[in-house]
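Participant: Make a model of this:
(one chain, ligands or ions: 2)
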Amino acid sequence: MEEQIKEWKATRIIGIIGLGDMGLLYANKFSEAGWNVVCCDREEFYEELKDKYKDAKFSIVLNGHYVSRVSDYVIYSVEAANLDKIVSLYGPSTKVKAIVGGQTSCKSPEIAAFEKYLPPDVDIITVHSLHGPKVNTEGQPLVIINHRCSDDKNLQFIESIVSCLKSKHVYLTFEEHDRITADTQAVTHAAFLSMGAAWAKVKVYPWTHGTNKWYGGLENVKVNISLRIYSNKWHVYAGLAITNPHAHHQILQYATSATELFSLFLAGKREEVTKRLLEAKKFVFGNHTGLLLLDDLILEQYSLSKGISNSEGSNDNESKDKTKTVPNSHLSLLAIVDSWYRLGINPYDHMICSTPLFRIFLGVSEYLFLEPNLLEQTIDAAMNDQSFRTDDLEFVIAAREWSSIVTFQSFDLYEERFEQVQEFFKPMFPEANKLGNEMMKTLLSHSK
Ligand SMILES: NC(=O)C1=CN([C@@H]2O[C@H](COP(=O)(O)OP(=O)(O)OC[C@H]3O[C@@H](n4cnc5c(N)ncnc54)[C@H](OP(=O)(O)O)[C@@H]3O)[C@@H](O)[C@H]2O)C=CC1
Ligand SMILES: O=C(O)C(=O)Cc1ccc(O)cc1
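Facilitator: Numbering: from 1, shown residues only. Ligands and ions are numbered 1, 2, ... in the order given. From the prediction side, this is the model:
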C-alpha cells in the first residue's frame, strides 16, 4: 500500500473548489502531506489569491473548470445554498473517471446535485469533517460516504488522501449522516443561537451582570460557545439547519420543549415539571455509569467577567465569597434533555459522530441532571426565583423565532437575525474567542 500511495502522490491531483476556512484547512493539510493540490475560489479573487498563496505548497487556478479538468479527486467546499449552482457550473468539466466529494454539512442536497450534474463515469465519495476549521483535526470524527464507487481502489485512494488529517473515519450513508447531524448539530446550534439572541434582545453582556448571576462553569460554557458561534459565518449554521429536513422537526421540538417548560414555571406547576424532567432524565441518563463528561470546576476559570475592568462584573475572590450565586433555571439545558426524550434520541448513540460543540452541550446537560442536588436546586429556582424570568422569556421567544426561520427556509431572514446579534457581541469577539479556544482545549482534553 505504501508504494501505491507514493505512486498516487506522484501522479494524481487533488482539487478544492472554495478556498474558505475549510477548503484552506484541507489544502494546507493535503499539500503538507505531499499531495499535489490545486484550488480556486471565486474567479474575481484569482489574482489576489495567487499573490496571497504564492509561497504555499498548493497552487491557485482561475476557476472550478480549471480545477475539475485536472483533478482526480475534487472537493467542493462552498456555501450550502450555492452548491447546486456551483456543481451545475463545474461538474460537467470533471476529468473522466475522477472522483467527486464535498464538505457541505448536509448531504442529501449535495448528493442530489452530484447525481444531477456529474457525468456518469465519475464516482461520488464525499466527506464531512465534524469540527470547525480551528480545531485540531486529530481524533475528531470524519464522515466518509461512499455513494457511487466503480472500483474499491477509489475508496482506498480517498482514505489515503484524508489519512493525514488523523481523524477517526466514520462510514455512513448520506441518509444516516443527515439524520444524525440533525439530532446533534442542528439542535445544539439552535440552543446556543437562542441564548445569544436572547441576551442581545435585552442588551446584556451576561458576564457583566454581577458576580452572582451568570456565574460559574455552566454559565461560562453557555456564554463562550454562544459567542463562538456568533463570531463565525452565518451561512454555516443556516445551511446545516435549513437544508436538512430532519433538522426542522428537531429544532421545532426544542422550541416547543422550552415553551412548555416555561409555561409550567409560570403556572408554578412544580410537581408536573419535576415528573416531566425525571422522566426525561431516566430516558436520557438512565444507563449512565462512570465519570461525567465535564466537571463544573474546571470551567469556572473561563469567565469573560475577569476581563472587564471597572464593572460590576469584577470577579475577585473576596466579592465571590460575599455574594451567593443565584441559581439559574437553566431552561436551555432542561429543554434539550426534554426534547431528546420527546424525540426518542439517545444522545450517547451519536458520540462516534459528534462535534466538539455537541459533546460540550451533552456534557453540561449531563452535569445538570447528574450532579447531586443540582436538578432539584434548578427546579426550585425555576419555580420560585424571579431573577431569570425575563431571560427565560426572551430565550423562549428566540428559540421559536429560530425554529420559524428554519422551517420557512429563509436564508435571508437567517442572515439578518444572525448578523443583528453578531453586531451586538462584536466588540467582545477577540477576547471571547481567546478564552473560548482555551476553554475548548480544556473541555476536549477532559472529554476524551
Ligand atoms: N466552518 C465550519 O465549521 C464547517 C463548515 N463546513 C461546511 O463546509 C463548507 C465550507 O465552509 P467554510 O469553509 O466554513 O465557508 P467559507 O465561507 O469560509 O468558504 C466557502 C468559500 O467558497 C467560495 N465560493 C463561493 N462561490 C464559489 C465559486 N463559484 N467558486 C469557488 N469558490 C466559491 C466562497 O467565496 P465567497 O465568500 O465570496 O462567497 C468562500 O471563500 C460549507 O458548506 C460549510 O457548511 C463543514 C464543516 C465545518
Ligand atoms: O462543532 C460544531 O458544531 C460547530 O459549530 C462546527 C461545525 C460547523 C459545521 C459543521 O458541518 C461541522 C462542525
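Participant: mind listing the strands in this protein by residue range?
Facilitator: With DSSP state E applied, the chain shows strands at 13-17, 36-40, 59-60, 73-76, 99-102, 123-129, 141-148, 168-171, listed in chain order.
Participant: what is the mean pLDDT for the second one?
Facilitator: Just to be clear, that refers to strand 36-40. Averaging pLDDT along strand 36-40 yields 98.
Participant: partners of that strand, with directions?
Facilitator: Next to strand 36-40 in the sheet, as set by DSSP bridges, lie strand 13-17 (parallel), strand 59-60 (parallel).
Participant: Residue 49: which of those strands is closest?
Facilitator: Residue 49 lies closest, by CB to CB, to one member of these: strand 59-60, at 4.8 Å. Using the backbone N, CA and C atoms, a C-beta is placed for each residue, glycine as well.
Participant: Quick check: phi and psi at the residue in the stretch 301-448 of the chain that ligand 1 sits nearest to.
Facilitator: Closest approach between the stretch 301-448 of the chain and ligand 1, counting by CB to the nearest ligand atom: residue 355, at 8.3 Å. Backbone torsions of residue 355, given as degrees, to the nearest 10, read phi -90, psi 160.
Participant: tell me which parts of the stretch 251-400 of the chain are close to ligand 2?
Facilitator: 355, 356, 357 (CB under 6 Å from any ligand atom).
Participant: Filter those residues down to the buried ones and hand me the ChimeraX line.
Facilitator: To isolate the buried subset of these in ChimeraX, counting by 16 or more other CB atoms under 10 Å, use the following:
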select :355,356,357
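Participant: Please could you give me each C-alpha atom of stretch 254-270, formatted as CSV?
Facilitator: Extracted C-alpha coordinates of stretch 254-270, given in CSV (Å, rounded to 0.1, in the frame of the first residue of the first chain):
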residue,chain,number,x,y,z
TYR,A,254,-36.6,22.2,21.1
ALA,A,255,-38.6,25.4,20.9
THR,A,256,-41.8,23.5,22.0
SER,A,257,-40.0,22.0,25.0
ALA,A,258,-38.7,25.4,26.0
THR,A,259,-42.2,26.9,25.7
GLU,A,260,-43.9,24.2,27.6
LEU,A,261,-41.4,24.1,30.4
PHE,A,262,-41.5,27.9,30.8
SER,A,263,-45.3,27.8,30.9
LEU,A,264,-45.1,25.3,33.7
PHE,A,265,-42.7,27.5,35.6
LEU,A,266,-45.1,30.5,35.2
ALA,A,267,-48.0,28.4,36.4
GLY,A,268,-46.0,27.2,39.4
LYS,A,269,-46.7,23.5,38.5
ARG,A,270,-43.8,22.1,40.4
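Participant: Mind listing what's buried along that stretch?
Facilitator: Using 16+ other CB under 10 Å as the test for burial, stretch 254-270 gives 254, 255, 256, 257, 258, 259, 260, 261, 262, 264, 265.
Participant: ditto for stretch 192-206
Facilitator: 192-201, 204-206.
Participant: Between the strands paired with strand 36-40, which one is closest to residue 417.
Facilitator: Nearest to residue 417, of the strands paired with strand 36-40 and by CB to CB, is strand 13-17 at 29.0 Å.
Participant: low-scoring stretches of the stretch 201-350 of the chain, by residue?
Facilitator: 209-215, 295-301, 303-325 (pLDDT under 70).
Participant: Run through the residues of it sitting next to ligand 1.
Facilitator: Checking the stretch 201-350 of the chain against ligand 1 by CB under 6 Å from any ligand atom, the hits are 233, 236, 239, 240.
Participant: let's see 8 Å
Facilitator: 232, 233, 235, 236, 239, 240 (CB under 8 Å from any ligand atom).
Participant: where does the residue lying closest to residue 42 once chain neighbours are set aside sit relative to ligand 2, distance-wise?
Facilitator: Nearest residue to residue 42, sequence neighbours excluded (CB to CB, 6 or more residues apart in numbering): residue 63, at 8.0 Å. Separation of residue 63 from ligand 2 (CB to the nearest ligand atom, to the nearest Å) stands at 25 Å.
Participant: now swap in residue 46 and tell me
Facilitator: Going from residue 46 to ligand 2 by CB to the nearest ligand atom gives 27 Å.
Participant: OK, contacts around that residue?
Facilitator: Residues counted as contacts of residue 46 (CB atoms under 8 Å, 6 or more residues apart in numbering) are 40, 60, 61, 62, 63.
Participant: and those residues, which are buried?
Facilitator: Of the contacts of residue 46, these count as buried by 16+ other CB under 10 Å: 40, 60, 61, 63.
Participant: contacting residues around the residue lying closest to residue 368 once chain neighbours are set aside?
Facilitator: In space, residue 368 comes closest to residue 333 once its chain neighbours are excluded; the distance is 5.0 Å by CB to CB, 6+ apart. Residues in contact with residue 333, defined by CB under 8 Å, 6+ apart, are 218, 364, 365, 368.
Participant: And those residues, which two are furthest apart?
Facilitator: Using CB to CB, the two most remote members of these are 218 and 365, lying 9.5 Å apart.
Participant: Dihedrals phi and psi, residue 286?
Facilitator: phi -60, psi -30.
Participant: Could you list every helix and strand that the top helix by length along the chain packs against?
Facilitator: Looking across the chain with DSSP state H, the single longest helix is helix 245-266. Contacts defined by 3 or more CB pairs under 8 Å, 6 or more residues apart in numbering; DSSP states H and E place helix 245-266 against helix 174-181, helix 187-201, helix 234-242, helix 270-285, helix 331-343, helix 374-384, helix 389-407.
Participant: Report the distance from that helix to the chain centre.
Facilitator: Relative to its parent chain, helix 245-266 has a centroid offset of 20 Å by CA atoms, centre = their mean, to the nearest Å.
Participant: okay, now the spatially closest residue to residue 193 that is not a sequence neighbour: neighbour count?
Facilitator: Counting by CB to CB, 6+ apart, residue 193 lies nearest to residue 402, which is 5.5 Å off, once chain neighbours are set aside. Neighbours of residue 402 under the rule other CB atoms under 10 Å: 25.
Participant: With distance to ligand 2 as new columns, can the buried residues of stretch 192-206 be given to me in a markdown table?
Facilitator: Formatted as a markdown table, these follow (distance: CB to the nearest ligand atom, whole Å):
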| residue | distance to ligand 2 |
| --- | --- |
| 192 | 9 |
| 193 | 10 |
| 194 | 15 |
| 195 | 14 |
| 196 | 13 |
| 197 | 16 |
| 198 | 19 |
| 199 | 19 |
| 200 | 19 |
| 201 | 22 |
| 204 | 23 |
| 205 | 22 |
| 206 | 20 |
